[in-house]
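Asker: Give me a model of this one.
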Amino acid sequence: MRVVLFCEHQYAINILQPIETEIRNNLNGCGYEVLWFVDRRHIPEFPLKNDTRWTHSMQEVYDFSPEVIFVPGNIVPYYLPGVKAEIFHGYAAEKKDHWIIRRYIDIYLTQGPFFTRGFEALARKYKDFEVKETGWSRQDWIHQNLHTFDEEKQQWLAKHKREYLVLYAPTFSPSLTSVPHLREGLKQLANQRNILLLLKLHPLTKPEWVANYRSLADEHTNIVWINDHNITKYQLMADVMISDTSSTIYEFLLLDKPVITYKAVAKDKFWLDIDHADLLPEAFDEVLDSPMFNEKRRWVIDNYDPHNHGKVCRNMLLAVHDYIDRHGVPRERKLNLWRKYKSIKTFGKIVRK
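Answerer: This next block holds a predicted model:
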């Protein structure tokens, strides 16, 4: 099977990589070929460039003639052959675009029962895609590395003589991000509590905000700037996470760890939300061991993604194999003229052969 990993943004690397790992480690010799499409507009320097087969060229993707395309984004060129499988870029159900059907996708591979129910209802409405619950691909990497960084965490805490590791991981959206509002509150937290604070800003954060928070780390010995595309590593290490309206919240809750947010827009909050930066120290104390928030996290785990068995990517591959067995390999996705125009405008034209 010819597989394309459709990587439009930097954050998608960690979502797609477990699929290739599954193929290499467990399905080697089973006839798989893997090609990454890497969008140079958003990923000018591909960190896996020496480890895998990849291209910036949409023409090369088309000539590869994929049988399946795994997509953790909202759009994929309609003119590419192959089953277009949506694997999602996170769990942020409160974001409206999570539920918008743009008609580019043949099958939605959902993370857990909550998402499955929602997309099955949409499938009955639109009647041109299928839904299969598999879990989220990133969970396989988490399953394999759950304790990989334990020693590194203890070394950091010992070096800085601190007891807890706290991760600040906000979204980048100007209308939702806490970055302009929490700088002083984070400094207060780091000064008043026995913590080491890690700052991990989104790759699309405004440069002036990045510079502002870099200076915060430079000024304080127990605040550390993180420049790494792999946020999951630091989620595994952290005891508490601080964020806003970001899908990273749910990733952290699924590790059964407490979260504090600043003015999150979610209707249902399974964590502690604050509306003033100076409440951060008290919020940290409250969430460390709260039976109420422990129970809420359990609901998230059961409904958002209970598939922490390390076999998500295998189930994704089985799902698309089953789709092809029943429908064959689509030559292209049938769309209206507007969607076709959007697809070409975003990714360009190809020469059909």
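Asker: my guess is Glu163 meets Trp156, correct?
Answerer: No. Counting by Cβ atoms under 8 Å, Trp156 is not a contact partner of Glu163; they are 11.6 Å apart. C-beta here means a position set from N, CA and C on the backbone, and glycine is covered the same way.
Asker: For those two, work out which one has more neighbours and name it.
Answerer: Trp156 (16 against 11; other Cβ atoms under 10 Å).
Asker: Phi and psi next, for the more buried one.
Answerer: phi -60, psi -50 (degrees, to the nearest 10).
Asker: can you tell me which residues contact it?
Answerer: 165, 196, 224, 237 (Cβ atoms under 8 Å, 6 or more residues apart in numbering).
Asker: So for it, what's the pLDDT?
Answerer: On the pLDDT scale, Trp156 is placed at 96.
Asker: If you rank the contacts of Trp156 by neighbours, which is first?
Answerer: Leu196 (24 neighbours).
Asker: Please name the bridge partners of that residue.
Answerer: Beta bridges link Leu196 to Leu165 when assigned by DSSP bridges.
Asker: Report pLDDT for Tyr91.
Answerer: Looking at Tyr91, its pLDDT stands at 88.
Asker: burial count for the nearest residue to it once chain neighbours are set aside?
Answerer: Spatially, and ignoring its direct neighbours in sequence, Tyr91 is nearest to Tyr250 (3.5 Å; Cβ to Cβ, 6 or more residues apart in numbering). Neighbourhood size, Tyr250 [other Cβ under 10 Å]: 24.
Asker: And His143, by the same measure?
Answerer: His143 has 16 nearby residues by other Cβ under 10 Å.
Asker: Would you confirm that it contacts Gly310?
Answerer: Yes. Judged on Cβ under 8 Å, His143 makes contact with Gly310 at a distance of 3.9 Å.
Asker: which residues does Phe239 contact?
Answerer: You called it Phe, but residue 239 is Asp. Asp239 touches 164-166, 257, 288, counting by Cβ under 8 Å, 6+ apart.
Asker: Quick check: the gap between it and Ala211.
Answerer: 28 Å (Cβ to Cβ, to the nearest Å).
Asker: just Glu219 next, same as before
Answerer: Distance from Glu219 to Ala211, by Cβ to Cβ: 13 Å.
Asker: quick one on the thing from earlier: quick check: which element contains the residue nearest to Tyr91?
Answerer: According to DSSP states H and E, Tyr250 maps onto helix 248-253.
Asker: Tabulate the CA atom coordinates of that helix in CSV.
Answerer: Taking Å, rounded to 0.1, in the frame of the first residue of the first chain, the C-alpha atoms of helix 248-253 are listed here in CSV:
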residue,chain,number,x,y,z
THR,A,248,-3.1,20.4,24.4
ILE,A,249,-5.4,20.7,27.5
TYR,A,250,-7.1,17.4,26.6
GLU,A,251,-3.9,15.7,25.7
PHE,A,252,-2.7,16.5,29.3
LEU,A,253,-6.0,15.5,30.9
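Asker: Contacts for it, please.
Answerer: For helix 248-253, contacts defined as Cβ under 8 Å, 6+ apart pick out 90-92, 138, 167, 169, 171, 231-232, 235, 238, 241, 243, 259, 261, 264, 270-271, 297, 300-301, 304-305.
Asker: so where do the strands sit in this structure?
Answerer: For the chain, the strands defined by DSSP state E occupy 2-7, 33-38, 54-55, 68-71, 83-86, 107-110, 130-133, 164-168, 195-199, 223-225, 240-243, 259-262, 272-274.
Asker: Are there helices or strands packed against the shortest one, and which ones?
Answerer: With contacts taken as 3 or more Cβ pairs under 8 Å, 6 or more residues apart in numbering; DSSP states H and E, strand 54-55 sits against strand 33-38.
Asker: for the strand it packs on, which positions count as buried?
Answerer: For strand 33-38, burial by neighbour count (16 or more other Cβ atoms under 10 Å) applies to 34-38.
Asker: Residues contacting it, please?
Answerer: Against strand 33-38 from outside (Cβ under 8 Å, 6+ apart): 1-7, 16, 20, 23, 46, 48, 52-56, 58, 60-61, 64, 66.
Asker: Then stretch 297-307?
Answerer: 91, 111-115, 133-136, 139, 250, 253-254, 256-258, 270-271, 315.
Asker: of the contacts of Trp156, closest to Lys340?
Answerer: Met237 (44.9 Å; Cβ to Cβ).
Asker: what pLDDT does the closest one get?
Answerer: 97.
Asker: Would you confirm that it contacts Glu151?
Answerer: No. Met237 is beyond contact range of Glu151, at 10.2 Å (criterion: Cβ under 8 Å).
Asker: now, which of the buried residues of strand 33-38 sits nearest Asp106?
Answerer: Phe37 (17.1 Å).
Asker: so what pLDDT did that closest one get?
Answerer: Phe37 is given a pLDDT of 98.
Asker: could you list every residue that touches Lys342?
Answerer: Ile75.
Asker: hmm, back to that, reformat the strands of the chain as TSV; add distance to Met292.
Answerer: Converted to TSV, these look like this (distance: least, Cβ to Cβ, whole Å):
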stretch	distance to Met292
strand 2-7	39
strand 33-38	43
strand 54-55	46
strand 68-71	37
strand 83-86	34
strand 107-110	28
strand 130-133	28
strand 164-168	20
strand 195-199	22
strand 223-225	29
strand 240-243	16
strand 259-262	13
strand 272-274	9
